[in-house]
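[1] model the structure of this input:
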Amino acid sequence: MKLAYVVTEAGCMDPKTGANQHIAMGMRELGKHAEVILFVPPVPNPTGSAAVPASGASGWRARLKTSGAWGAMRDMRDFARMVKQGWRLAREIEAAGCEVAYVRVQALHPVSLFLRWRRIKVVLEANGLQHVSRKARSGSWLAWAYRPFERHVYRVADHVFFVGSYGQYWQLDSENWTEVENGVEPGLFVRRDTRIGGNRPFRMVLVARLVAHHKGSILSEAFARLEPSLRDQVELHLVGAGFEALKAEFASLVRVKDHGFVSREAIGPLLQQMDCGVIPDCPPYGSQMKLLDYAASGCLVLAPNVFHLKNFYADKGVLFFDRGDAASLSERIGALVGGDRPVDAMARALQDHVRERFTWGTIFDRKWAVIEAIGDHKART
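    Numbering: from 1, shown residues only. Have a look, this model is predicted:
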């Protein structure tokens, strides 16, 4: 089978993003089953620091650029560009002889609709709520159309792989969807030889490219509530980017070590030195790649009780706290440092669960079974 692998959003190709990790693994794993033909944008050039807009902007021009009318014009411009790109891609994919297209969803992008019109089977990979993320960046008069457009794209596809529990959000009557996790490389799995927290300090780790929805301040508030005698036994390790403001909040609370960006080759050995991976907050339906990395390395995982994590990991070893509640998070940290939880058994249970179900190979083998059935149906018809 010739399978088109389609990515339209250039930012997803940034090698430092989780999206790129998923894309790279998808190309590799699907390539074991089919002839994969890539239709992806080039890797974006590093842009450095974002330009700071001039201060003091005012007047009718400034008001216009924040108006619903301006947002609607921006939507129409973006959609026109996507229509042009989508039509071109659909023609190129048909010309390449691809029977099925595996498409990573981008907000407002109609490429999957054009592919369906050309009788090419369409499998979508949907990660996140596209209408929500676009609405957060736009004050458009057309924002009312985002959600029904996204829903229509999902309903008419041959199959949708929702990364996370977004199928529960949409509840499509078309029943053409499956919920899947992100994955983790088999080489990251290491059985711990030492007890979690057996030595002091108790090492907690946060892996993130920190953005607003991570709610990092909840973690600093939790440490502020912790008894000083327990707090002194903790060392917090930060891995990723965007921690400058958060480190200032932690300055008088806990010892912090900032490792910066760490490559995939180095992330395993680093996490294997940790006791507990923490997720301060996350979208309620979204997958969390950091949880898989924590689990593979034998760490205990401390996470908010959001829908997706409870849906996939209830009774599988994750230690949950009440989402958005610094007091609940503080209580859990205190229990861990004080040795009041069966942490080794919990970490082993989670690691075994992830090893069994969520390696990249296992995930894409399950996806391929669906894709192959779709391709076979096309061949018969």
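[2] what is the least confident helix or strand in this structure?
    The weakest-scoring helix or strand in the chain, judged by mean pLDDT, DSSP states H and E, is helix 59-65 (a mean of 72).
[3] just the buried residues of that helix, please?
    Residues of helix 59-65 classed as buried: none (neighbour count, 16 or more other C-beta atoms under 10 Å). Every C-beta, even on glycine, is put in place using the N, C-alpha and C of the backbone.
[4] touching that helix from outside, list them.
    Helix 59-65 is contacted by residues Trp70 when judged by C-beta atoms under 8 Å, 6 or more residues apart in numbering.
[5] ok, now stretch 290-298?
    181-185, 188-192, 196, 205, 207-208, 267-268, 271-272, 274, 277, 279, 300-301, 303, 309, 313, 317-318, 347-348, 350-351, 353-355, 358.
[6] tell me the average confidence for stretch 253-260?
    In this model, stretch 253-260 has an average pLDDT of 95.
[7] what lies in contact with it?
    So stretch 253-260 is in contact with 201, 220, 223-224, 231, 234-241, 243, 247, 250, 270, going by C-beta under 8 Å, 6+ apart.
[8] can you give me the strands for the stretch 101-250 of the chain?
    121-126, 159-163, 177-180, 202-209, 234-241 (DSSP state E, counting those that start in this stretch).
[9] quick one: closest of those strands to Arg81.
    strand 121-126 (20.2 Å; C-beta to C-beta).
[10] so what are the sheet partners of that closest one and their directions?
    Strand pairing for strand 121-126, determined by DSSP bridges: strand 100-104 (parallel), strand 159-163 (parallel).
[11] thinking again about what came up before, right, so the strands of the stretch 101-250 of the chain: which one is the most enclosed?
    strand 159-163 (a mean of 24; mean count of other C-beta atoms under 10 Å).
[12] which residues are contacting that strand?
    For strand 159-163, using C-beta under 8 Å, 6+ apart, the contacting residues are 22, 123-127, 154, 167, 170, 172, 176-182, 286-287, 367, 370-371, 374.
[13] check stretch 92-100 too.
    By C-beta under 8 Å, 6+ apart, stretch 92-100 touches 1-4, 6, 37, 39, 101, 115, 118, 120-123, 158, 371, 374-375, 378-379.
[14] list only buried entries from the residues you listed.
    Going by neighbour count (16+ other C-beta under 10 Å), those have 1, 3-4, 6, 37, 39, 101, 115, 120-123, 158, 371, 374-375 buried.
[15] what is the neighbour count of Lys247?
    Using other C-beta atoms under 10 Å, Lys247 has 14 other residues around it.
[16] that one - nearest residue in space that isn't next to it in sequence?
    Leaving aside its chain neighbours, Lys247 sits nearest to Val256 (5.8 Å; criterion: C-beta to C-beta, 6 or more residues apart in numbering).
[17] before we move on, what about Gly361?
    In space, Gly361 is closest to Glu29, 6.1 Å off (C-beta to C-beta, 6+ apart).
[18] check which helices and strands the helix or strand hosting that neighbour sits against.
    For Glu29, the host element (DSSP states H and E) is helix 18-30. Other helices and strands packing on helix 18-30, by 3 or more C-beta pairs under 8 Å, 6 or more residues apart in numbering; DSSP states H and E, are strand 2-6, strand 35-39, strand 100-104, helix 289-296, helix 360-380.
[19] take these and write them to TSV, including mean pLDDT and distance to Leu329.
    Below are these laid out as TSV (pLDDT from 0 to 100; distance: least, C-beta to C-beta, whole Å):
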stretch	mean pLDDT	distance to Leu329
strand 2-6	98	40
strand 35-39	98	42
strand 100-104	98	33
helix 289-296	96	16
helix 360-380	90	30
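[20] so which of these gets nearest Ser67?
    Across those, closest to Ser67 is strand 100-104 (C-beta to C-beta), at 31.6 Å.
[21] ok now that closest one, how far from the chain's centre?
    Chain-centre distance of strand 100-104: 19 Å, with C-alpha atoms, centre = their mean, to the nearest Å.
[22] now stretch 67-83
    Centroid separation for stretch 67-83 versus its chain: 26 Å, with C-alpha atoms, centre = their mean.
[23] please enumerate the strands of the stretch 251-381 of the chain.
    Under DSSP E, counting those that start in this stretch, the stretch 251-381 of the chain gives strands at 255-260, 276-278, 300-304, 319-321.
[24] give me the angle between the longest helix along the chain and strand 2-6.
    In the chain, assigned by DSSP state H, the helix with the most residues is helix 68-95. Going by axes from the mean of the first three to the mean of the last three C-alpha atoms, to 10 degrees, helix 68-95 is angled at 160 degrees with respect to strand 2-6.
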